[in-house]
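[1] what's the 3D shape of this:
(chains A, B, C and D)
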Number of protein chains: 2
Amino acid sequence: MRSTADIIEHYLHHLLDESTDCVIEVQRSCLAEQFACVPSQINYVISTRFTLMRGYVVESKRGSGGYVRIQRVGMPDESVLAHIGVRMSQADSEALLDRLLTERWIDEAMRTVCRAIVSRDTLSLPLPVRDEVRARIMRGVVGALLLARQQEVVGVPSKRNGG
Amino acid sequence: MRSTADIIEHYLHHLLDESTDCVIEVQRSCLAEQFACVPSQINYVISTRFTLMRGYVVESKRGSGGYVRIQRVGMPDESVLAHIGVRMSQADSEALLDRLLTERWIDEAMRTVCRAIVSRDTLSLPLPVRDEVRARIMRGVVGALLLARQQEVVGVPSKRNGG
DNA sequence: TCGTATAATGATCAAAGATAGTCAACATCA
DNA sequence: TGATGTTGACTATCTTTGATCATTATACGA
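    Numbers count the residues shown, from 1 in each chain, chains lettered A, B, ... in the order given. Below you'll find the predicted structure:
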């Protein structure tokens, strides 16, 4: 059975898909009532599923007339590397891979392979080393992609060997 | 007499045969209850019978709404897996990537990215851990390639962010 | 008009709950 | 007797909940 958090996430995605401008505004307490959960559950969903890494910007206002605004934003090329810190969680790296797929930097196969590589089962290292290695790997991936793009533009004929 | 492990294995195989897309999702605790065994028995069954060697990829999620997903992806090339031991050097992994490229399991882009990932600079771990992680990564790559190939066939239902 | 009290929101954080994983001792089978 | 199977204590991760704090708008009295 899917968790409440999953259901709420799905609902918000649905609203975003319906919206014409990739922005939605909801009321935390209303949503909570609608899904029969405590208000802070909404914060949980937003903080785990609508992160900047996944391509969302969230703003809110308290007090009467308060709201939570969720906006789906595009990915500025150069900002990607900057968003990868010294450590990176599995969730964040999967989010980034999903975005790279959405933005057509990579294809399905690449995402599947990279997802497998950065999974905790594959790395199988104790924290925080695991998250540090994952960050370096994601840097490597994005770095390689950026390089490939540059070469495309300049017209370098697909790198040979390279030993 | 058949062991409990055999019976559970058989049951899971049955579920997989019934499924239309070679994927099943079960709950560890439910299965354990169903077969009157401890939950860790399920892990035993999965780790001994649903290995990559035998053509399965397994993913799971903990917590509320948790599950274990078993996917049949087809048997990997034995000679490929055989080359990946407990440890793998950078040179060996690059050689394997070259071979995968030659045999058209991967394309240039994939090789470039994977080479970057398994380089000692990216992993940046002391030996022998570095070679061990590299071996697991290459194993993950092989499994993911099988998975990706099957996703192509079945057609992925545009899975949204990590659900 | 200004300042303040109050109501209406949303945010944070830590504890509790819900699953699944690991490991090693013990049991059983061939 | 070694290989395979079973068990349970301990661990890791993800979700749910509630107490408490923070912010904003508005009503109201001076």
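[2] can we go C-alpha only for contacts and neighbour counts from here?
    Will do.
[3] and the helix or strand of chain A with the lowest mean pLDDT with chain B, contact?
    The helix or strand with the lowest mean pLDDT-type score in chain A, counting by mean pLDDT, DSSP states H and E, is helix A:79-83 (a mean of 82). No. Helix A:79-83 is not in contact with chain B by Cα under 8 Å from any Cα of the partner chain; minimum separation 14.5 Å.
[4] Check the gap between the residue nearest the centre of chain A and B:Ser93 for me.
    Central residue of chain A (Cα atoms, centre = their mean): A:Arg54, 2.2 Å from the mean position. Between A:Arg54 and B:Ser93 the distance is 31 Å, computed by Cα to Cα, to the nearest Å.
[5] Contact partners for A:Leu123?
    A:Leu123 sits next to A:117, A:130, B:133, B:136-137 when contact means Cα atoms under 8 Å, 6 or more residues apart in numbering or on different chains.
[6] which one among these gets closest to B:Glu103?
    The closest of those to B:Glu103 turns out to be B:Ile137 (Cα to Cα; 19.4 Å).
[7] That closest one touches A:Thr122, doesn't it?
    Yes. Between B:Ile137 and A:Thr122 there is a contact under Cα atoms under 8 Å: 6.0 Å.
[8] Listing request: residues of chain A with sub-threshold pLDDT.
    Along chain A, the model assigns pLDDT under 70 to residues A:155-163.
[9] Near chain B, which residues of it are found?
    The interface of chain A toward chain B, taken as Cα under 8 Å from any Cα, is made up of A:1-3, A:6, A:49, A:54, A:91, A:94-95, A:98, A:108-110, A:112-114, A:116-117, A:122-124, A:133, A:136-137, A:140-141, A:144-145, A:148, A:158.
[10] Narrow those to just the buried residues.
    For the residues of chain A next to chain B, a burial check counting by 16 or more other Cα atoms under 10 Å in any protein chain shown picks out A:49, A:54, A:91, A:94-95, A:98, A:108-110, A:112-114, A:116-117, A:122-123, A:133, A:136-137, A:140-141, A:144-145, A:148.
[11] Can you list which of those residues are found in strands?
    Of those, none are assigned to strands by DSSP state E.
[12] Within reach of DNA strand D, which of those are there?
    A:Ala91 (Cα under 7 Å from any atom of the strand).
[13] quick revisit: anything in contact with each of B:Ile137 and A:Thr122?
    Counting by Cα under 8 Å, 6+ apart, the residues touching both B:Ile137 and A:Thr122 are A:Ala116.
[14] Tell me if stretch A:122-139 is near DNA strand C.
    No. Using Cα under 7 Å from any atom of the strand, stretch A:122-139 stays clear of DNA strand C, with a minimum separation of 7.8 Å.
[15] which other helices and strands contact the lengthiest helix in chain A?
    The residue-count maximum for a helix in chain A (DSSP state H) belongs to helix A:129-154. Judged by 3 or more Cα pairs under 8 Å, 6 or more residues apart in numbering or on different chains; DSSP states H and E, helix A:129-154 is in contact with helix A:79-83, helix A:90-102, helix B:108-118, helix B:120-123.
[16] Need those helices in CSV (columns: distance to B:Val86).
    What follows is the helices and strands packed on helix A:129-154, written out as CSV (distance: least, Cα to Cα, whole Å):
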stretch, distance to B:Val86
helix A:79-83, 32
helix A:90-102, 23
helix B:108-118, 15
helix B:120-123, 16
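[17] Would you mind telling me which of these is nearest A:Asp17?
    Here helix A:90-102 is closest among the helices and strands packed on helix A:129-154 (Cα to Cα), at 14.2 Å.
[18] For DNA strand C, tell me whether the closest one is touching it.
    No. Helix A:90-102 does not reach DNA strand C (Cα under 7 Å from any atom of the strand); its nearest approach is 14.8 Å.
[19] what angle do that helix and helix A:108-118 make?
    170 degrees (axes from the mean of the first three to the mean of the last three Cα atoms, to 10 degrees).
[20] close to DNA strand C, is stretch A:10-29?
    Yes. Using Cα under 7 Å from any atom of the strand, stretch A:10-29 reaches DNA strand C at A:26-29.
[21] Endpoint to endpoint, stretch A:70-85 covers what distance?
    One end of stretch A:70-85 to the other measures 24 Å (Cα to Cα).
[22] how far does it sit from the chain's center?
    In terms of Cα atoms, centre = their mean, to the nearest Å, the centre of stretch A:70-85 is found 9 Å from the chain centre.
[23] for it, which positions count as buried?
    A:70-72, A:75, A:84.
[24] and the closest residue to A:Leu15 other than its chain neighbours, which of the three is it?
    Distances taken as Cα to Cα, 6 or more residues apart in numbering or on different chains put A:Ile24 closest to A:Leu15, at 7.0 Å, once the chain neighbours are dropped. At A:Ile24 the chain is in strand, as set by DSSP: H, G, I helix; E, B strand; the rest coil.
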